[in-house]
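1. have a look at this fold, sequence not included:
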């Protein structure tokens, strides 16, 4: 299991154990973390699972593919470096300790 920390916009922290092979979005959804809407269910067809990745973790994630880049254009206040869609981040043991911050809202 990898422990992922989701930080709500108001600062509330949710530390969740997520099984490798799942996505960071599924970990939030399955554990009731508020602020990850995941309207498309993980198909990379919306931007409602948008987060800001803690800068210490940016180099440890796979790069964004073009479809994720396109969908991030629709996210609320995307950050060119830190914004990711959690449906596109597969959990591995190497992501144990990952920290993501949720935006003020999802659109």
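-> Cool, the structure landed. None of the values given here were measured: they were computed from a predicted structure.
2. could you use CA atoms for every contact and neighbour count after this?
-> OK.
3. report the central residue of this protein.
-> Nearest to the mean C-alpha position of the chain, counting by C-alpha atoms, centre = their mean, stands residue 86 at 2.9 Å.
4. touching, it and residue 51? I think so.
-> Yes - counting by C-alpha atoms under 8 Å, residue 86 sits close enough to residue 51 to count as a contact (6.8 Å).
5. which parts of stretch 56-70 are buried?
-> For stretch 56-70, burial by neighbour count (16 or more other C-alpha atoms under 10 Å) applies to 58, 68.
6. and the contacts of it?
-> 44, 82, 84-85, 88-89, 95, 98-99 (C-alpha atoms under 8 Å, 6 or more residues apart in numbering).
7. off-centre distance for it?
-> Taking C-alpha atoms, centre = their mean, to the nearest Å, the mean C-alpha location of stretch 56-70 is offset from the chain mean by 11 Å.
8. one more: stretch 25-34?
-> 10 Å.
9. list the contacts of it.
-> 6, 8, 14, 16-19, 36-38, 42, 49, 85-87, 89.
10. now it: buried residues?
-> So for stretch 25-34, counting by 16+ other C-alpha under 10 Å, buried means 25-29, 33.
11. now stretch 47-58
-> For stretch 47-58, burial by neighbour count (16+ other C-alpha under 10 Å) applies to 47-53, 58.
12. in strands, which of those fall?
-> Counting by DSSP state E, the part of the buried residues of stretch 47-58 found in strands is 50-53.
13. and the two most separated of those residues?
-> 50 and 53 (9.6 Å; C-alpha to C-alpha).
14. name the residues contacting each of the two.
-> Here residue 50 and residue 53 have 83-84 as joint contacts, going by C-alpha under 8 Å, 6+ apart.
15. got a winner among the contacts of stretch 25-34 for most neighbours?
-> residue 49 (31 neighbours; other C-alpha atoms under 10 Å).
16. that older thread, let me have the contacts of stretch 56-70 in CSV, extended by pLDDT and secondary structure.
-> Below are the contacts of stretch 56-70 laid out as CSV (pLDDT from 0 to 100; DSSP: H, G, I helix; E, B strand; the rest coil):
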residue, pLDDT, secondary structure
44, 96, coil
82, 98, coil
84, 98, strand
85, 98, strand
88, 98, helix
89, 98, coil
95, 98, helix
98, 98, coil
99, 98, strand
